[in-house]
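Participant: I would like the atomic coordinates for the input below:
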Amino acid sequence: MRVCFVSQQIGEIRTGVGMYANNLIPAMAEAGHEAVLIGRGSPPAWSRVAYHGVPAVPRDPTPEGWLSFAWMAARRLGDIGGPGAFDVIHFLDAREALFTRRQGAAPLVGTIHDCYLAAAASGPSYWRRRYGDWLQRWTYHVLARRLERAALRRMDALIANSRYVEGEVAAVGADLAPGTLLRAYRSGLFPMRLRAGGPIGWWSPDPRGVIPLDGLHVSHSLRRSRPTFEIRIDAAFESVVRACADPSRPHGWIDDEFVAAYLRLHELGWAHSVETWRDGELAGGLYGVAIGGLFAAESKFHRVRDASKVAVVALVDLMWAGGASLLDVQWTTPHLCSLGAVDLPRREYLAALELAVVRELPDVFDGGRAGAR
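Facilitator: I've put the predicted structure just below:
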């Protein structure tokens, strides 16, 4: 893979961007990828990295002079690039993509760091200390901050390397191809749009909602209603997903792209539905992704009282009987807590996930994938 990296802070390893650059770029080159770097200043002492330097521009009022570097880097990229020149263009500081034109189909990937998002979390005193001149402060607030946001919107994917980025979103962008989804679930991530019609966020809540298989709580009323439903597995997967995607539901965000993605996962044997039926009619259910001993529940719905709760109880029973170990419900809600859901710190969740995905898949979710994980 031919990757073009863009970063001006290649020598300042004391900074977040510098540390990121000094670890990532040499490692990519050592792994056999063709690495090209557009930077500022003296070339780094890295083997197998082609360096293209750009000059500094004095009196740039933006922190680390990112605005002028973005302009110069875009010009240099235009000189050395072109359609098909690179497989990926990675801006180690996402702001610096502001003036870059697309190079064919190469995706633009940017990383968000503390080095400038810290400013967003600071009060006016931060800017008074940084810029004694009122004109520089005005220039930065009125012009440069707007340009920062414009640069971020150009990205095909954003990587969060900052404590100031919303703690539950690990990345933004990418696609919903089966391979992407499965790698995400194995890594503790799940996709959900940041807003209706907005970009795809890859979420990793801390804490994470789970239902311990040995901690399920079934109320007396739920015990009485449970026998009135028939449980079926994957009998109406598409109907379940589309019911969960009903736009009239409160906070509904599941769109046609997500529906198509999970239907494809279902066709491949990875996504499954647990359904509750009454009198031959679909009354409720849930769907999710099964990988080894993990079931990552995505959404549920009900048309009859207790129908979705009974589906959850049935899922726990099936997982318990099949030797599974981790039922991920993303976030706890009062509804799920009534069934025994608890919050698990991210570190503990990831440790449990690592053990779960190497277990054998329960037979009920095999779907022809014997031994699949």
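Participant: how about the lengthiest strand in the chain: buried residues?
Facilitator: Secondary structure of the chain read by DSSP state E shows that its longest strand is strand 281-291. For strand 281-291, burial by neighbour count (16 or more other CB atoms under 10 Å) applies to 282-291. In this view, the C-beta of every residue, glycine as well, is placed from N, C-alpha and C.
Participant: now the two most distant members of those.
Facilitator: A283 and I291 (27.6 Å; CB to CB).
Participant: which stretches of this protein aren't confidently modelled?
Facilitator: For the chain, applying pLDDT under 70 flags the ranges 11-16, 18-19, 61-63, 113-145, 148, 160-167, 251, 367-373.
Participant: now for the longest strand of the chain, which elements pack on it?
Facilitator: Contacts defined by 3 or more CB pairs under 8 Å, 6 or more residues apart in numbering; DSSP states H and E place strand 281-291 against helix 178-186, helix 237-244, strand 271-278, strand 294-302, helix 307-322.
Participant: right, and those - which one's nearest G84?
Facilitator: Here helix 178-186 is closest among those (CB to CB), at 22.9 Å.
Participant: contacts for the closest one?
Facilitator: 174, 190-191, 202, 261, 264-265, 268, 270, 289, 291, 294, 296, 353, 357 (CB atoms under 8 Å, 6 or more residues apart in numbering).
Participant: of these, select the buried ones using a PyMOL command.
Facilitator: In PyMOL syntax, the buried subset of these is picked out as below (16+ other CB under 10 Å):
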select buried, resi 174+190+191+202+261+265+270+289+291+294+296+353+357
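Participant: which one of the contacts of helix 178-186 sits closest to F237?
Facilitator: L265 (9.8 Å).
Participant: ok, that closest one to Q9 distance?
Facilitator: Note on L265: its distance to Q9, by CB to CB, to the nearest Å, is 40 Å.
Participant: what about the residue sitting nearest the centre point of the chain, which SS state?
Facilitator: For the chain, W202 is the residue whose C-alpha lies nearest the centre (CA atoms, centre = their mean; 1.5 Å). Following DSSP: H, G, I helix; E, B strand; the rest coil, the label given to W202 is strand.
Participant: from Y349, how far off is it?
Facilitator: 15 Å.
Participant: SS state for A29?
Facilitator: Assignment for A29 (three-state DSSP): helix.
Participant: list the contacts of it.
Facilitator: 35, 46-49.
Participant: write the PyMOL selection for whichever of those residues are buried.
Facilitator: Buried subset of the contacts of A29, written as a PyMOL selection, criterion 16+ other CB under 10 Å:
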select buried, resi 35+46+49
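Participant: quick check: the two most widely separated of the contacts of A29?
Facilitator: Across those (CB to CB), the longest gap, 10.1 Å, separates A35 and S47.
Participant: what segments of the stretch 51-200 of the chain are strands?
Facilitator: 88-91, 108-113, 157-161, 169-173, 190-193, 200-203 (DSSP state E, counting those that start in this stretch).
Participant: re the thing from before, between the contacts of A29, which is nearest P26?
Facilitator: Once CB to CB is applied, the member of these that ends up nearest P26 is W46, at 4.8 Å.
Participant: find the nearest non-adjacent residue to the closest one, please.
Facilitator: P26 (4.8 Å; CB to CB, 6 or more residues apart in numbering).
Participant: doesn't the one you found belong to a strand?
Facilitator: No - using three-state DSSP, the assignment for P26 is helix, not a strand.
Participant: which residues touch it?
Facilitator: Here P26 is in contact with 46-47, 49 (criterion: CB under 8 Å, 6+ apart).
Participant: including secondary structure and distance to F91, could these go into TSV?
Facilitator: Listed next are the contacts of P26 as TSV, based on DSSP: H, G, I helix; E, B strand; the rest coil; distance: CB to CB, whole Å:
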residue	secondary structure	distance to F91
W46	coil	18
S47	coil	23
V49	strand	16
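Participant: of all those, which comes closest to A74?
Facilitator: Among the contacts of P26, and counting by CB to CB, the member closest to A74 is V49, at 20.1 Å.
Participant: how about that closest one: what's its closest non-neighbour residue?
Facilitator: A35 (4.7 Å).
Participant: helix, strand or coil for that neighbour?
Facilitator: strand.
Participant: G188 and Y349 touch, don't they?
Facilitator: Yes - look at G188 against Y349 with CB atoms under 8 Å: they come within range, at 6.5 Å.
Participant: touching both of those two, which residues are there?
Facilitator: Joint contacts of G188 and Y349 (CB under 8 Å, 6+ apart) are R208.
Participant: domains of the protein?
Facilitator: For the chain, the structural domains run 2-165, 208-365, going by automatic domain parsing.
Participant: end-to-end on the last one?
Facilitator: In domain 208-365, first residue to last residue: 24 Å (CA to CA, to the nearest Å).
Participant: buried ones in stretch 189-200, by neighbour count?
Facilitator: Quick answer for stretch 189-200 (16+ other CB under 10 Å): 189-192, 200.
Participant: do stretch 95-109 as well
Facilitator: Neighbour count says stretch 95-109 has 95-100, 103, 106-109 buried, by 16+ other CB under 10 Å.
Participant: again, but for stretch 207-221
Facilitator: 208-211, 213, 216, 218.
Participant: now distance to G322 too, for the strands of the stretch 51-200 of the chain, in JSON lines please.
Facilitator: Formatted as JSON lines, these follow (distance: least, CB to CB, whole Å):
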{"stretch": "strand 88-91", "distance to G322": "40"}
{"stretch": "strand 108-113", "distance to G322": "39"}
{"stretch": "strand 157-161", "distance to G322": "35"}
{"stretch": "strand 169-173", "distance to G322": "29"}
{"stretch": "strand 190-193", "distance to G322": "22"}
{"stretch": "strand 200-203", "distance to G322": "26"}
